[in-house]
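**Q** Quick one: sequence plus predicted model below, questions after.
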Amino acid sequence: MSSLHPRLRRLRFVGAFVAFVLLVATAAGVAGRGAQDDAAFVPEDFRVGLEPVASGLAEPLYATSAGDGSGRIFIVEKAGTVRILQDGQVLEAPFLDITDRVGSDSSEQGLLSIAFPRDYAESRFFYVDYTDAAGNSMVARFSVTEDPNVADPASEAAILRQDQPFPNHNGGLLTFGPDGYLYIGFGDGGSQGDPDGNGQSMQTWLGKILRIDVDPDNAPADRPYAIPDDNPFVDDANALPEIWAFGLRNPWRFSFDRENGDFYVADVGGTQIEEVNYRPADDLGGENYGWDIREGTACHEQDPCDVEGAVDPVTEYTHDFGCSVTGGFVYRGSAFPDLQGVYLFADYCSGLLWGMGRDVDGAWVRSEPIETGFALASFGEDEAGELYVTEFSEGTLYRVVTNSP
């Protein structure tokens, strides 16, 4: 079986429905409050479960909505297809099939994500991130045919391409922020220990999150995207202007809180630490998350390892609990009010899952880890703000539900 994250351990399916109770624990770090006014997180009162909604998928990596009012869920399969879940059924024909141009899907390569702009219903453009035949990262735009459930694979237009020196640490998430710009995550280029020092270098996109404007009407003549005027390094001659955040090892999954714009990024660790970082909505970017000098709050290869201006994670865990963090979302749906404002994340290798939020004093607190038995590759969010997880090994999409007594 092909693998996805480093140090993959195959996890067995342990039932069609898993119920679990999340208990209290204290997370590392305290950060300034965002715009939200959620109730204090009380982990001992927090109960969730996973309910299967689609099965028989082929190594699903991501699930999202188009935001077009259709209620469809688009599920990315690693080998190069996107499937549609509509009215509780996975449609037989794929929405998109680019298996002919997705290169090897071994290691952490393949079709990695899909993103729909806010004007998708009118523009009919969407964007994907995949690794090509040479193993390099491609961000491309596609359009939909007259059939809204079928995209045109021949409509591909390249947006940007990033050479990948190794097959792992590709990042791969695309998402549109509340500002309408496209955010792109790239890992440090792979191997181990960031041998080329990409995490701290401002002359490469590797180890970064980029922020670009893909509106075709705004693109200059020499490039298929524009650079927002308020990008943090746009006037820095020593940095690439697309960079929005740096010092990342492999930002596999990140998200914006749909209610207030707060930003969460989970960075996959190396030898010691998995971490989740947070940026309030009123921060304009430019954060250094410390890699490869630090891994979480731990020194990587040198001690002491002070990093001027580096942002500490709001929570981290050691490899006693897993080996590859899967970043999630803040719940903003309406079906389960008890979950409102809670951030969920997991570990792909161990199948552990946590909930996180702020206590009455504003400090971050998280639950005890709960064993699900699943290879949780990604969280996803539908149009209504309900949350899902993709189970990689057995090919199932689950919905996050509460299981209150």
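**A** Perfect, thanks for sending it. Here the structure is a predicted model, which means the values were calculated and not measured.

**Q** Closest to the centroid, which residue in this protein?
**A** When Cα atoms, centre = their mean is applied to the chain, the residue found nearest the centroid is Arg253 (1.7 Å).

**Q** Look up how far Arg101 lies from that residue.
**A** According to Cβ to Cβ, to the nearest Å, Arg253 and Arg101 sit 24 Å apart. Every C-beta, even on glycine, is put in place using the N, C-alpha and C of the backbone.

**Q** that older thread, does the residue nearest to the centre of the chain touch Leu344 like I think?
**A** No - look at Arg253 against Leu344 with Cβ atoms under 8 Å: they stay out of range, at 11.4 Å.

**Q** shared neighbours, those two?
**A** Gly328, Phe379 (Cβ atoms under 8 Å, 6 or more residues apart in numbering).

**Q** Now do the residue lying closest to Gly172 once chain neighbours are set aside: how many residues are near it, please.
**A** In this structure, Gly172 finds its nearest non-sequential neighbour in Leu112, 2.9 Å apart by Cβ to Cβ, 6 or more residues apart in numbering. For Leu112, the count of nearby residues is 26 (other Cβ atoms under 10 Å).

**Q** can you give me the mean pLDDT across the helix or strand in which Leu112 is found?
**A** Take DSSP states H and E as the rule and Leu112 turns out to sit in strand 111-115. Mean pLDDT, strand 111-115: 98.

**Q** which helices and strands does that strand pack with?
**A** strand 60-65, strand 73-77, strand 81-86, strand 125-131, strand 174-176 (3 or more Cβ pairs under 8 Å, 6 or more residues apart in numbering; DSSP states H and E).

**Q** which neighbours does the helix or strand just after the shortest one have in its sheet, and in what orientation?
**A** Read it as strand 174-176. Counting by DSSP H and E, the next helix or strand C-terminal to strand 174-176 is strand 182-186. Strand pairing for strand 182-186, using DSSP bridges, gives strand 174-176 (antiparallel), strand 208-212 (antiparallel).

**Q** Make JSON lines from those strands and add distance to Leu85, mean neighbour count and mean pLDDT to it.
**A** Listed next are those as JSON lines, based on distance: least, Cβ to Cβ, whole Å; neighbours: other Cβ atoms under 10 Å; pLDDT from 0 to 100:
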{"stretch": "strand 174-176", "distance to Leu85": "19", "mean neighbour count": "21", "mean pLDDT": "98"}
{"stretch": "strand 208-212", "distance to Leu85": "28", "mean neighbour count": "25", "mean pLDDT": "98"}
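
**Q** Take those strands and lay them out in a markdown table including distance to Ala377.
**A** Putting the strands paired with strand 182-186 into a markdown table (distance: least, Cβ to Cβ, whole Å) gives the following:
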| stretch | distance to Ala377 |
| --- | --- |
| strand 174-176 | 16 |
| strand 208-212 | 19 |
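
**Q** Figure out which of these is closest to Asp38.
**A** With Cβ to Cβ as the measure, strand 174-176 is the member of those nearest Asp38 (21.6 Å).

**Q** re earlier: number of nearby residues for the closest residue to the residue nearest to the centre of the chain other than its chain neighbours?
**A** Nearest non-adjacent residue to Arg253, counting by Cβ to Cβ, 6+ apart: Gly327, 3.7 Å away. Here the count is done by other Cβ under 10 Å, and Gly327 has 25 residues near it.

**Q** Can you tell me how far Gly327 is from Leu248?
**A** Taken as Cβ to Cβ, the span from Gly327 to Leu248 is 12 Å.

**Q** returning to that earlier point: and of the strands paired with strand 182-186, who's closest to Ala237?
**A** strand 208-212 (17.2 Å).

**Q** Using PDB, write out the CA atom coordinates for the closest one.
**A** The C-alpha coordinates for strand 208-212 follow below in PDB (Å, rounded to 0.1, in the frame of the first residue of the first chain):
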ATOM      1  CA  LYS A 208       6.300  28.400   3.700                       C
ATOM      2  CA  ILE A 209       2.700  29.400   3.400                       C
ATOM      3  CA  LEU A 210       2.100  31.600   0.300                       C
ATOM      4  CA  ARG A 211      -0.700  34.100  -0.200                       C
ATOM      5  CA  ILE A 212      -1.600  35.100  -3.800                       C
END
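
**Q** and the end-to-end length of stretch 186-199?
**A** 10 Å (Cα to Cα, to the nearest Å).

**Q** who's in contact with that stretch?
**A** So stretch 186-199 is contacted by 137, 162, 164-171, 204-210, 246-252, 268, 270, 291-293, 300-301 (Cβ under 8 Å, 6+ apart).
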